[in-house]
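**Student:** the following comprises the amino acid sequence and a computationally predicted model.
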Amino acid sequence: MNICVAGAGGFIGGYLVKDLLAQGHSVRAIDIKPFEEWYQRFDSAENVVANLELKDACYAAAEGMDRIYNLACNMGGMGFIQNNHALCMQSVLIQSHMVMACRDQNVPEILYSSSACIYPEHIQEEIKDAAAQGLKESDAYPANPQDGYGWEKLFSEIITHYFAQDYDFKQRVCRFHNVYGPNGTFEGGREKAPAAICRKVIHAKLSGDHTIDIWGDGQQTRSFMYIDDCITGMDKLWASDFDQPINLGSDEMVSINQLVDIVEGIAGIKLERNYQLDKPQGVRGRNSDNTLIEEVLGWKPSVKLQEGLEKTYAWILSEMQDRY
C-alpha cells in the first residue's frame, strides 16, 4: 500500500513509519519540523517537511495514497495543553483539510489519532477506583472536553465521521491514552508524565540532589500505554471492520505518586517529594475502559507499566548521563 503518515517526525509517528516500512508498505512521512528535529527518520520513506495546517500541503500529502494516518497536531504534556488553548485548537485545520483531500483525491482510508482529552471533565473530577474511573466511548456526549486540545480532537472526530459517511471512504478513530516509551519527548515542556518523572528521578540521582518536584498533590490518577501497544492497536483496528471511535490505552491505572514509586524502584533511590500545588495537573482521575476494544478486537494493550518504564528509563538515562 501507499501510506501517508502525517506527524511522522513525532514520537508515535516515528514508530508507526518504522512498522509500516517493515510490513513492506511505501510510506510518505510528513512533519512540520525540520528533519534534524524528527524523533526517528528512515531513508527508505519519502520524507517531507510541510505545514499540514495548509490545504495545499494536505492535498499534496494525500496524492496517490491508499491510506492516511493523521497523527499531526500541536500537543504536549499538561503544562503545554493548559497554556496553549488557541494553538491546540488551530490543529482542526489539519484534519479538516485531510478529509477534504480524501474526498477530492479518492483516498479510500484514513485513521485519525484522537485523545482521552475528549471526555467530559465533570466525570473526571473525583478520584475513584480503576473500574469506576474507566472512561467508556459512550461517555463522550454530552460533550465537555478538556481545554482547547480536547475540543479540537472531538471536532476532528466529528468532521471525520461526516466526511467518511457522505463521501464513502473508510475511517478509523483511536482515542489515545497517554502514550509513552523510548525516543519520546522527556524535557522542554511538552513531555508526558512518565518521561517527566523518569527525567526528574535521573536528575536527582546523577546530581546528588535527592528531591523531586511533583505537579499537584500526586494523588491524581492516570493510565499509560506503552508505544508498542499503540502501534499494534492501530494495526489490529484496520484489520477489523470497526469504524467508530475507540479507546486505545492501558487500563492499569496508577496515581502520580505510584508512578514515582515505580521509577524510584527502577533507579534504586528514594527521593524527598516537593508537591507543587500551583502547577497544571489536569483532571483528578482518568483511566481507559477497554470493554469495547476487547469485544471488537479480542485484544487490548497489555505491556505492564513496570516493563515499559524500565525501557523508557534506560533510554532517557542514556540521553542524560553525559551531562553530569
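**Tutor:** Looks like it came in fine.
**Student:** going forward, measure contacts and count neighbours with C-alpha atoms only.
**Tutor:** OK.
**Student:** Tyr39: what's it in contact with?
**Tutor:** Counting by Cα atoms under 8 Å, 6 or more residues apart in numbering, Tyr39 touches Gly9, Gly10, Phe11, Gly14, Asn183, Gly184.
**Student:** could you redo the last one with a cut-off of 6 Å?
**Tutor:** By Cα atoms under 6 Å, 6 or more residues apart in numbering, the contact list for Tyr39 reads Gly9, Gly10, Phe11.
**Student:** Val49 too?
**Tutor:** Ile30, Asp31, Ile32.
**Student:** likewise for Ala50?
**Tutor:** Listed by Cα under 6 Å, 6+ apart, the contact partners of Ala50 are Asp31, Ile32.
**Student:** could you measure from it over to Arg28?
**Tutor:** As judged by Cα to Cα, to the nearest Å, Ala50 and Arg28 stand 12 Å apart.
**Student:** do Cys102 as well
**Tutor:** 15 Å.
**Student:** so for stretch 243-262, mean pLDDT?
**Tutor:** Taken as a whole, stretch 243-262 carries a mean pLDDT of 97.
**Student:** got a list of contacts for that stretch?
**Tutor:** Residues from elsewhere that reach stretch 243-262 (Cα under 6 Å, 6+ apart): 130, 171-177, 218-225, 287-288, 301.
**Student:** helix, strand, or coil at Asp166?
**Tutor:** At Asp166, secondary structure determined by DSSP: H, G, I helix; E, B strand; the rest coil is helix.
**Student:** need the contact list for the residue lying farthest from the centre of the chain.
**Tutor:** Distance from the C-alpha centroid of the chain peaks at Gly208, with 32.5 Å (Cα atoms, centre = their mean). For Gly208, the contact set (Cα under 6 Å, 6+ apart) is empty.
**Student:** give me the phi and psi for it.
**Tutor:** Dihedral angles of Gly208 (phi, psi; degrees, to the nearest 10) stand at phi 90, psi 0.
**Student:** cool, and the one 3 residues further on?
**Tutor:** For Thr211, the backbone dihedrals (degrees, to the nearest 10) come out as phi -130, psi 160.
**Student:** count of neighbours near the spatially closest residue to it that is not a sequence neighbour?
**Tutor:** In this structure, Thr211 finds its nearest non-sequential neighbour in Glu272, 4.5 Å apart by Cα to Cα, 6 or more residues apart in numbering. If you count neighbours by other Cα atoms under 10 Å, Glu272 ends up with 11.
**Student:** just the pLDDT for the closest residue to Leu16 other than its chain neighbours.
**Tutor:** Closest residue to Leu16 in three dimensions, ignoring its sequence neighbours and counting by Cα to Cα, 6+ apart: Ile231, at 6.2 Å. In this model, Ile231 is scored at 98, pLDDT.
**Student:** could you do Gly77 as well?
**Tutor:** In this model, Gly77 is scored at 67, pLDDT.
**Student:** same question for the one 4 residues further on.
**Tutor:** Predicted confidence (pLDDT) for Ile81: 74.
**Student:** now whichever strand or helix holds it, how far from the chain's geometric center?
**Tutor:** Here Ile81 sits within helix 78-83, counting by DSSP states H and E. Counting by Cα atoms, centre = their mean, to the nearest Å, helix 78-83 is centred 14 Å from the centre of its parent chain.
**Student:** next secondary structure after it?
**Tutor:** Later in the chain than helix 78-83, the nearest helix or strand by DSSP H and E is helix 85-89.
**Student:** show the average pLDDT along that next one.
**Tutor:** Per-residue pLDDT values over helix 85-89 give a mean of 83.
**Student:** so which of Cys102 and Arg28 has more stuff around it?
**Tutor:** Using other Cα under 10 Å, the more surrounded residue of Cys102 and Arg28 is Cys102, with 27 against 21.
**Student:** name the element the more buried one belongs to?
**Tutor:** Assigned by DSSP H and E, Cys102 falls within helix 92-105.
**Student:** send me that helix as PDB with only the CA atoms.
**Tutor:** The C-alpha trace of helix 92-105 is given here as PDB (Å, rounded to 0.1, in the frame of the first residue of the first chain):
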ATOM      1  CA  VAL A  92      -8.500  21.400  13.500                       C
ATOM      2  CA  LEU A  93      -7.200  22.700  10.200                       C
ATOM      3  CA  ILE A  94      -5.100  19.600   9.600                       C
ATOM      4  CA  GLN A  95      -7.800  17.000   9.800                       C
ATOM      5  CA  SER A  96     -10.400  19.300   8.100                       C
ATOM      6  CA  HIS A  97      -8.100  19.600   5.100                       C
ATOM      7  CA  MET A  98      -7.100  15.900   5.200                       C
ATOM      8  CA  VAL A  99     -10.700  14.700   4.900                       C
ATOM      9  CA  MET A 100     -11.300  17.200   2.100                       C
ATOM     10  CA  ALA A 101      -8.200  15.700   0.400                       C
ATOM     11  CA  CYS A 102      -9.600  12.200   0.900                       C
ATOM     12  CA  ARG A 103     -12.900  13.300  -0.700                       C
ATOM     13  CA  ASP A 104     -11.300  15.100  -3.700                       C
ATOM     14  CA  GLN A 105      -8.400  12.700  -4.400                       C
END
